[in-house]
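Visitor: Need a 3D model of the sequence below.
(6 chains)
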There are 4 protein chains.
Amino acid sequence: MPERDEGLVGDFPSIPKQKRAREKRQALLESGRELFLLNGYEQTTAKDIASHAGVATGTFYRYFADKRQLLMSLLENHLEILMPPEPSWFQQDPEGRLASILENHCEQLNKLGLYKVLPELLPKDSELAEVLAAAKKKVFQTILERLKKAKLSGLIWEDLDPQTVTWAIMVLMENVQEKGNQTGELADFQEIAKVICRLVYPPKVLETLSDQENQK
Amino acid sequence: MPERDEGLVGDFPSIPKQKRAREKRQALLESGRELFLLNGYEQTTAKDIASHAGVATGTFYRYFADKRQLLMSLLENHLEILMPPEPSWFQQDPEGRLASILENHCEQLNKLGLYKVLPELLPKDSELAEVLAAAKKKVFQTILERLKKAKLSGLIWEDLDPQTVTWAIMVLMENVQEKGNQTGELADFQEIAKVICRLVYPPKVLETLSDQENQK
Amino acid sequence: MPERDEGLVGDFPSIPKQKRAREKRQALLESGRELFLLNGYEQTTAKDIASHAGVATGTFYRYFADKRQLLMSLLENHLEILMPPEPSWFQQDPEGRLASILENHCEQLNKLGLYKVLPELLPKDSELAEVLAAAKKKVFQTILERLKKAKLSGLIWEDLDPQTVTWAIMVLMENVQEKGNQTGELADFQEIAKVICRLVYPPKVLETLSDQENQK
Amino acid sequence: MPERDEGLVGDFPSIPKQKRAREKRQALLESGRELFLLNGYEQTTAKDIASHAGVATGTFYRYFADKRQLLMSLLENHLEILMPPEPSWFQQDPEGRLASILENHCEQLNKLGLYKVLPELLPKDSELAEVLAAAKKKVFQTILERLKKAKLSGLIWEDLDPQTVTWAIMVLMENVQEKGNQTGELADFQEIAKVICRLVYPPKVLETLSDQENQK
DNA sequence: GATGAATGAGGATTCATTCAT
DNA sequence: CATGAATGAATCCTCATTCAT
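Guide: Residues are numbered from 1 along each chain as shown, chains lettered A, B, ... in the order given. Below you'll find the model as predicted:
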C-alpha cells in the first residue's frame, strides 16, 4: 500500500523521499515537459518519456500512474506561472512597471513552455479545465477588485465597464508570448504596457502618476 | 451500375451520381465537424465520422485521404469565419458598428464551432499552423494599414504603436466568444466595442464621429 | 451501435448474421477451446487464439470483447453437456441404462474437453461460478425429487438420506471422466453404474426391475 | 555483517541467523498460502507475498526460486492433508469411525485451504499433477488392498468391483468439503459415512459389526 | 462506387526477476 | 543478507487504413 499524495488534480503514486528517487522523478517530469512541448501531448508516449529520461518503461509507472498524471504534476508545480500576473494600478510609472511584469511573465512562460500543451488538453480534460478556470477566475476577481478601487479614486476611465476592462487585460496578458510570432518581431513590452494602460488610465492621470515619479 | 437519369431532352449520365457524391462528402464534412466539437479531434475516429454520416468506413477514404484532410477541408471552407473581422475606422458610430461586427463574428464562430478544435491541432500540425498564421497575418496587415491611414488623419491616439494596437485588437476579437465563459455572463458586445475603440480613438474624436451621426 | 446479444453471462459484441462472419466466429470459438484445453486458460492469449484461427489479432476483438467472453460463449453453448445427467429410477434395467447414460455423458464431456478449464476459472470468476452452481443446483433438485418419489414407492433404501445420496450420485457422475486417469484403465461404465445403483436400490428391488425386463 | 552468538562454551555462528531465516521462510510460506486462497494463484504476485510477509521483494527470491516453488513447498509440507484418508474396514462401528475420519479430514482440509488452488494449477503444471496423481494412486492401492482382504473374509458386497468401489470411495471423500456448498447445509458426516459404507458392506454385515460393538 | 471485415503496428500497462546499495 | 528500485519482455486492446466482395 504505497502512501498517496492527494494533489489538486488526482492521486499520485507515493512521492519518493529518497534523493535518488526524487531526482529520477524530476528527470521524468523534465523529460515529459520537453517532449510534450516538442511533439505535443498525444504524440508523446510514456515510453518516450522514460527513455528520454534514461530509464526503462516500467520505471515511469513507478513514479506516475500515467502520462496524464505526469502532466498534472507539471501543471500543479507551475500553476502560478501559467496564470496571468496581477498588476496593481496605484503605483508610480505604471507603464514601466507593467512592462517589466509582462516581460517577466513572458520569460517565465516561455521557459516553462507548458502553455503550448494546454490548448490540446483543455477540450478533453474537463477536470483540468475546471482547475484552470477556477484559478483564472481568482485572478480575474483580484484584478477586478483593484480596478474598482481605482475607479473610486477617479484614477481610471469613467465610461468603461470594469468587468470588460478586466477581461481585456487578462486576454492581452495571456497572449503576450504569442505576439512575437504574429508580428515577426519580439514583443515590445513597453508598447504593450502602454496599450493596456490606455484601457485603464486616461492620459492625464497617467501623466500625473509619471510626474510623481519624476519629482522623486 | 451507374444509375441514369434519362430525361426528355437527353441523358445526364453520372450527374445524379456526382450530386449524390457531393452530398455524401457534405454529410461527412458535417459529421466530422459535429464529432470534432463533441469529442475533440483525437477522440474522433474515421469510423465514427463515417457511421455518423451513414456511410461505411471505406467510403470515408474515398472522399478524404484521412481525418486530417477532412478537417483541412472544413477549415478551408470556413477560413474567413475563423479569422477576426476587419473593422474600418472612418465610419460613423464606430462603437455601434464594431459591436455589431463582433456580435456577428461571435455568432458565426459559435455556429461553426471549429475554433474549439484548433488549439488541439496547431501544436502538432505545423502546416495548418502556417496556413492560419498567414491568414492572420493578412488580417493583421489590413487592420494595420487602416490604422495607419487613420493616424495620418489624426483620428487615433498619437502615442500608441499601431502594430501593437493592431495586435491587441486582433487578440481581443479572437477571444470574444470566450468572454462569457470567464465572467459567467454573456459577452456584452457594446462594452467590448467601447474597450476596443478606446485603444483606437481618443474620446474627443469619438465624440466627433458620433456627432456626425447625430447630425444625420 | 452494434446490436448486442444478452447471454447468460455478460454481453457479446454483435453476433454476426453473415455466413462468413459466423464461420470466423466459430473458428475462433473452436481455436479458443482447443488452446484452452492444450495450454490452460491463463496461458492462452487472444493473439494465440486469433492466429490459431488464422486471423489477425484485431479480428478477435471484432467477435469477442475479450478472452473471457469467448470462454463464456463456449460454456453457454455447451452448458448442458457440462452438467451431470439426470437418470430416472423407475425404468427397467436401471444399471444398463445408467451405464449407457454415463458412457454417453463421458464421451460428450471428453469431446468437449471444457471441463478441464473450469477448475482454473471458478476460483477467480464468481459470476461464472454462480451460473454453474445454479445449474448444478437444478440438476440436484431434479435427482432429489425423483429419489423421493421412488422412496415413496419403497423402491430405494429406506435408511439412507436422499439428499446425501443425491449428492453422492452427482459427485460420482461428475468424476466419471477422470476414473480412467486414476486407475489407468478406461472407465468401466457398467461397474460404475452398479456402484451408483447400489446407493439407490436394495439388491432385491434391482432383481425385480431386471426380472420385469427379462419377462418382456 | 553476520551477528555472532558468542556463548561460554563456544561460538554458534549463524545459528541465530538460521533461525531468523527459517522464520522468514515460514512467514513467506504462510503469506503465500493466505494470498493464494484469497486471490487465487495467478492473481497473487511475488511482491504481494513478500510485502504481506513483511519482507522486501528481493528477499522472496532468496528463499524461493519463484512463486511456483513456494507453492510446491506448501503442497509438499501438507501433502498428507490433501490426500483422502485411508479407512480400514475391519473395525467395529465402521460408520461412526468413518464419519469421524471424514469430519477430521474435512476440518484439516478447510484449515489448510490449499485444495482451493489445486484445480487452478493441475492443468498447467504437469509435474505437480504427476506428484499428486502418484500420491493418490498410493492411497488408491491401499484402500483397494484393504477392500480385497475384506472381500476374502466375505465382509463386503460380492457383486461390486473392488476397483470401482475404491474409486467411488475416494471420489466421495475428496469432495466432502464441498458438500455443504451444494446443499446449502453443513455436511452431515454421519449420513455420508452411511452412504460410503453402503458401497462396502451389505446391511447384514454392518449389523454384525455394530452388534459386536454393542456387545462390548 | 460502396461496403465493412480484416489487418497489424503501436500504445498503455503489468510483473517476474535482477542487482546496486 | 536485505532491500526495493529498475528492468523490459509480454499482454491487452485500439484504430487508421486496406481490400475482397
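Visitor: By residue count, which helix of chain A is the longest?
Guide: helix A:126-152 (DSSP state H).
Visitor: Could you list the residues in contact with whichever helix or strand comes after that one?
Guide: Counting by DSSP states H and E, the element after helix A:126-152 in chain order, helix or strand, is helix A:162-174. With CB atoms under 8 Å, 6 or more residues apart in numbering or on different chains as the test, helix A:162-174 has contacts from A:84-85, A:87, A:102, A:105, A:136, A:139-140, A:143-144, A:147-148, A:151, A:156-157, A:192, A:195-196, A:199-200, B:168, B:171-172, B:175, B:179, B:182-183, B:185, B:188, B:191-192, B:194-195. C-beta here means a position set from N, CA and C on the backbone, and glycine is covered the same way.
Visitor: any chance you could map the helices in chain A?
Guide: Going by DSSP H, chain A shows helices at A:19-39, A:46-52, A:57-63, A:67-77, A:79-82, A:94-112, A:118-121, A:126-152, A:162-174, A:179-183, A:189-200, A:203-215.
Visitor: Just the buried ones out of the contacts of helix A:162-174, please.
Guide: Those of these that meet the buried threshold are A:84-85, A:87, A:102, A:105, A:136, A:139-140, A:143-144, A:147, A:151, A:156-157, A:192, A:195-196, A:199-200, B:168, B:171-172, B:175, B:179, B:182-183, B:188, B:191-192, B:194-195, by 16 or more other CB atoms under 10 Å in any protein chain shown.
Visitor: ok, now how distant is the spatially most central residue of chain A from residue A:116?
Guide: What sits nearest the mean C-alpha location of chain A, by CA atoms, centre = their mean, is residue A:82, with 1.3 Å. Distance, residue A:82 to residue A:116, by CB to CB, to the nearest Å: 11 Å.
Visitor: cool, and residue A:150?
Guide: 34 Å.
Visitor: and what of residue A:203?
Guide: For residue A:203, the distance to residue A:116 - CB to CB - is 37 Å.
Visitor: of the two, who's got more company?
Guide: residue A:116 (20 against 13; other CB atoms under 10 Å in any protein chain shown).
Visitor: residues touching the more buried one, list them.
Guide: Residue A:116 sits in contact with A:36-37, B:123, where contact means CB under 8 Å, 6+ apart.
Visitor: quick one on the thing from earlier: what helices or strands is the longest helix of chain A leaning on?
Guide: Applying 3 or more CB pairs under 8 Å, 6 or more residues apart in numbering or on different chains; DSSP states H and E, we find helix A:126-152 packed against helix A:67-77, helix A:79-82, helix A:162-174, helix B:179-183.
Visitor: now for the shortest one, which elements pack on it?
Guide: Helix A:79-82 sits against helix A:94-112, helix A:126-152, with contacts defined as 3+ CB pairs under 8 Å, 6+ apart.
Visitor: Contacts for that helix next, please.
Guide: Against helix A:79-82 from outside (CB under 8 Å, 6+ apart): A:8, A:75, A:108-109, A:112, A:114-115, A:118, A:132, A:135.
Visitor: what comes up buried for that helix?
Guide: residue A:82.
Visitor: what mean pLDDT does that helix have?
Guide: What helix A:79-82 shows for mean pLDDT is 94.
Visitor: Distance from it to the middle of the chain?
Guide: For helix A:79-82, the separation from the chain centroid amounts to 4 Å (computed by CA atoms, centre = their mean, to the nearest Å).
Visitor: likewise the longest one?
Guide: Chain-centre distance of helix A:162-174: 15 Å, with CA atoms, centre = their mean.
Visitor: Taking helix B:189-200 as reference, get the angle to it.
Guide: Relative orientation of helix A:162-174 versus helix B:189-200 (axes from the mean of the first three to the mean of the last three CA atoms, to 10 degrees): 60 degrees.
Visitor: and helix A:162-174, C-alpha only, in PDB?
Guide: Extracted C-alpha coordinates of helix A:162-174, given in PDB (Å, rounded to 0.1, in the frame of the first residue of the first chain):
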ATOM      1  CA  PRO A 162     -14.600  47.400 -15.200                       C
ATOM      2  CA  GLN A 163     -15.500  43.700 -15.900                       C
ATOM      3  CA  THR A 164     -14.900  44.200 -19.600                       C
ATOM      4  CA  VAL A 165     -11.600  46.000 -19.000                       C
ATOM      5  CA  THR A 166     -10.500  43.200 -16.700                       C
ATOM      6  CA  TRP A 167     -11.300  40.700 -19.300                       C
ATOM      7  CA  ALA A 168      -9.400  42.600 -21.900                       C
ATOM      8  CA  ILE A 169      -6.400  43.000 -19.700                       C
ATOM      9  CA  MET A 170      -6.300  39.300 -19.000                       C
ATOM     10  CA  VAL A 171      -6.800  38.300 -22.600                       C
ATOM     11  CA  LEU A 172      -4.000  40.600 -23.600                       C
ATOM     12  CA  MET A 173      -1.600  39.400 -20.900                       C
ATOM     13  CA  GLU A 174      -2.400  35.800 -21.700                       C
END
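Visitor: That helix to helix A:94-112, inter-axis angle?
Guide: Using the same axes, to 10 degrees: helix A:162-174 against helix A:94-112 is 50 degrees.
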